[in-house]
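S.K.: generate coordinates for the sequence data below:
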Amino acid sequence: MVLRAINSVTAHSEWMLKTACTSAHNAQYSVTDADDVDGTVAIQCLAKSLGAVQTKLQETLPPVPAIWATIMDGVFESFSNLLLNSLRVSQFGAILLARDIDALLHLCSPDQPDTLDSWTRLRLIVAVYIPPSDTLLPMVKDIAGDSEEGEEEVMKYVERRTDWRSGLGRSKWASEMVKEIREGEEEGGGEEGEGRDSSGRRRGSSGCERGSGSGRSGKKWGFSGGSGWSGGKFSGKMDTMREKWGGWK
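M.R.: Numbers count the residues shown, from 1 in each chain. Just a heads-up that it's a prediction; the model follows:
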């Protein structure tokens, strides 16, 4: 019965997320202005709905953090996949995205650090949608630390910026950024025989072990080896980023 309830909640959450994207023509985070900056209606409603489910579970079942972690992992999977595959994010839209992630992050249990870390990392990565393109690369490196896998993962999210593409290809600044990353890795001495595809990612690598670009644990995300990504907690990293990149809240 518990498994059926978990599957039901997860499936309903996924339906709400996909419906929100479809109804907004995948444009809820690519807006340039909005009357309300407290997040999108659909995701805020989803967060309230999940909060009600969480309360009900706490009333009817003994504390089993793994149950809620499974639900929030499923929501994370759906949300991050939509972000990486269907959505574009503008500088203004990043504010809405951050508020939406905050609402869902608030529901995560400290008793399940892997789940909490996945949502906290995603909240941290939202910072890449804020700065102008000419100051973006230092931020990407700052977020990823010295982990190549971490940098590749962060770059997947960078590619969802509304200004990443121009016409049928990458914009000029995006092409220059990819080139600079490649040149930096060549100077640093990558593994022998290692090649890059047109997006600057290593051939034969998805950039993370999950394959889809999202993850429930540090190892699956591919951040386990990088400075600033190991250790399991990211609140301190977020505080540091806020100080260094002042405009991001």
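
S.K.: what lies in contact with the strand or helix carrying L96?
M.R.: Taking DSSP states H and E as the criterion, L96 maps to helix 91-105. Helix 91-105 has contacts (Cβ atoms under 8 Å, 6 or more residues apart in numbering) with 28-34, 37-40, 43-44, 46-47, 50, 72, 75-76, 79, 83, 89, 116, 119-120, 122-123, 126, 129-130, 162, 249. From N, CA and C alone the C-beta is placed, and that goes for glycine too.

S.K.: I67 versus the residue of the chain most remote from its centre, what's the distance?
M.R.: Largest separation from the mean C-alpha position in the chain: T60, at 32.2 Å (Cα atoms, centre = their mean). In this view, T60 and I67 are 11 Å apart by Cβ to Cβ, to the nearest Å.

S.K.: wait, is G74 part of a helix?
M.R.: Yes - under DSSP: H, G, I helix; E, B strand; the rest coil, G74 sits within a helix.

S.K.: I figured it hits H12, correct?
M.R.: No - judged on Cβ atoms under 8 Å, G74 makes no contact with H12 at a distance of 10.3 Å.

S.K.: mind listing what the closest residue to S13 other than its chain neighbours touches?
M.R.: Spatially, and ignoring its direct neighbours in sequence, S13 is nearest to V75 (4.8 Å; Cβ to Cβ, 6 or more residues apart in numbering). V75 makes contacts with T10, S13, E14, L17, L46, L50, L104, as judged by Cβ under 8 Å, 6+ apart.

S.K.: and if you look at S49?
M.R.: S13, M16.

S.K.: in what helix or strand does it lie?
M.R.: Using DSSP H and E, S49 sits within helix 41-60.

S.K.: give the buried residues for that helix.
M.R.: Buried residues in helix 41-60, counted by 16 or more other Cβ atoms under 10 Å: A42, I43, Q44, L46, A47, L50, V53, Q54, L57.

S.K.: which one of the residues you listed is nearest S147?
M.R.: Among the buried residues of helix 41-60, I43 lies closest to S147 (Cβ to Cβ), at 29.1 Å.

S.K.: give me the pLDDT for that closest one.
M.R.: Looking at I43, its pLDDT reads 93.

S.K.: look up the closest residue to it, ignoring the ones flanking it.
M.R.: Nearest non-adjacent residue to I43 (Cβ to Cβ, 6+ apart): D100, at 3.9 Å.

S.K.: OK, contacts around the nearest residue to M72 once chain neighbours are set aside?
M.R.: Spatial nearest neighbour of M72, chain neighbours left out: T115 (5.1 Å); criterion: Cβ to Cβ, 6+ apart. When contacts are counted by Cβ under 8 Å, 6+ apart, T115 touches A69, M72, D73, F76, C108, S109, R216.

S.K.: following element in sequence after the helix or strand that T115 is a member of, please.
M.R.: Using DSSP H and E, T115 sits in helix 113-125. Remark: after helix 113-125, the chain's next helix or strand is helix 136-144, criterion DSSP H and E.

S.K.: rounded mean pLDDT for the helix or strand that that following helix is followed by, please.
M.R.: Counting by DSSP H and E, the next helix or strand C-terminal to helix 136-144 is helix 148-158. Averaged across helix 148-158, the pLDDT comes to 93.

S.K.: the residue nearest to S13 and I6, how far apart?
M.R.: Taken as Cβ to Cβ, the span from V75 to I6 is 11 Å.

S.K.: over to Q44?
M.R.: The value you get for Q44 to I6, if Cβ to Cβ is used, is 23 Å.

S.K.: find the nearest non-adjacent residue to A20, please.
M.R.: Closest residue to A20 apart from its sequence neighbours, by Cβ to Cβ, 6+ apart: A42 at 3.3 Å.

S.K.: surely that neighbour meets W15?
M.R.: No - with contact defined as Cβ under 8 Å, A42 does not reach W15; the gap is 11.1 Å.
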